[in-house]
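> need a structure here:
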Amino acid sequence: MEQADQSIFLAYQPTPFHRVMIEKEWVLFMEIKKIDKALCRTLDEEHRLLQAGKLKEQELLEYGYMIEAGEEKIGSFQLHPTDEHSVQLRKLSLFNEATPELLLFIFHEILVFIHTTEVDQVIVSSHTRFLDELLEHYGFEKNDGSKNQAPSTHKSWVYKISNNSNPQE
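Numbering: from 1, shown residues only. Down below sits the predicted model:
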């Protein structure tokens with residue numbers, strides 16, 4: 001399968017009015033940045049992601065995005081193209097404690113970001129009930145064709161981008 005053009009992700013401009021609580025302090029905005037070589041080195045120095053074998057440098061450079069709030073690095077994720085207008089959200093990593101509120105906010109920010117691209121759908125694999133509930137909250141649909149299927153270890157969810165589903169509203 002041919003790789004989709006990565007330039008569709010580079011037009012994102014963060015909204016400086018988003019606020020998130022980090023360690024009991026409000027930070028004015030959360031920003032999503034494309035990972036470049038310098039940021040990749042910083043990530044490895046601060047969180048040992050490459051040295052620990054958790055991530056591969058080439059994957060981070062091609063598909064990786066950093067989530068920051070002010071000066072604090074919150075986490076990273078990857079958007080792997082599955083075809084010309086679809087991506088799969090992979091390797092969402094948080095560097096500190098993952099609270100339900102923080103996860104809600106991060107998923108919101110990722111969806112706001114994706115709405116600024118030419119992507120038509122996002123695919124996420126889930127292996128927890130909590131993530132299933134979060135994905136359902138944000139309008140993801142099970143990709144297995146059966147909405148009433150018994151819980152399993154891994155589920156595939158799809159979020160279809162449309163003009164009326166923008167999470168910024």
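
> where are the low-confidence patches of this structure?
1-28, 49, 51-54, 144-153, 163-169 (pLDDT under 70).

> can you give me the helices in it?
Ranges of helices in the chain, per DSSP state H, are 37-47, 57-63, 100-115, 129-137.

> As CSV, the ones you listed with distance to residue 83 would be great.
To be clear about C-beta, it is placed using only N, CA and C from the backbone, and glycine gets the same treatment. Formatted as CSV, the helices of the chain follow (distance: least, C-beta to C-beta, whole Å):
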stretch, distance to residue 83
helix 37-47, 26
helix 57-63, 15
helix 100-115, 15
helix 129-137, 20
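
> so which of those gets nearest residue 30?
helix 100-115 (5.2 Å; C-beta to C-beta).

> what about the longest strand in this structure?
Criterion DSSP state E: the longest strand present in the chain is strand 72-83.

> Parallel or antiparallel, which strands does that one pair with?
Counting by DSSP bridges, the strands paired with strand 72-83 are strand 64-69 (antiparallel), strand 86-94 (antiparallel).

> Which among those strands is found nearest to residue 110?
strand 86-94 (6.9 Å).

> so how far is residue 89 from the nearest residue to residue 103 once chain neighbours are set aside?
Nearest non-adjacent residue to residue 103, counting by C-beta to C-beta, 6 or more residues apart in numbering: residue 134, 6.3 Å away. Per C-beta to C-beta, to the nearest Å, residue 134 is found 12 Å from residue 89.

> next one: residue 101
19 Å.

> Show me which residues of stretch 101-117 are buried.
102-103, 105-117 (16 or more other C-beta atoms under 10 Å).

> so who does the residue nearest to residue 103 touch?
With contacts defined as C-beta atoms under 8 Å, 6 or more residues apart in numbering, residue 134 is in contact with 103-104, 107.

> show me the contacts for the residue nearest to residue 161 when sequence neighbours are not counted.
Leaving out its chain neighbours, the residue that sits closest to residue 161 by C-beta to C-beta, 6+ apart is residue 120, at 5.4 Å. Residues in contact with residue 120, defined by C-beta under 8 Å, 6+ apart, are 85-86, 160-161.
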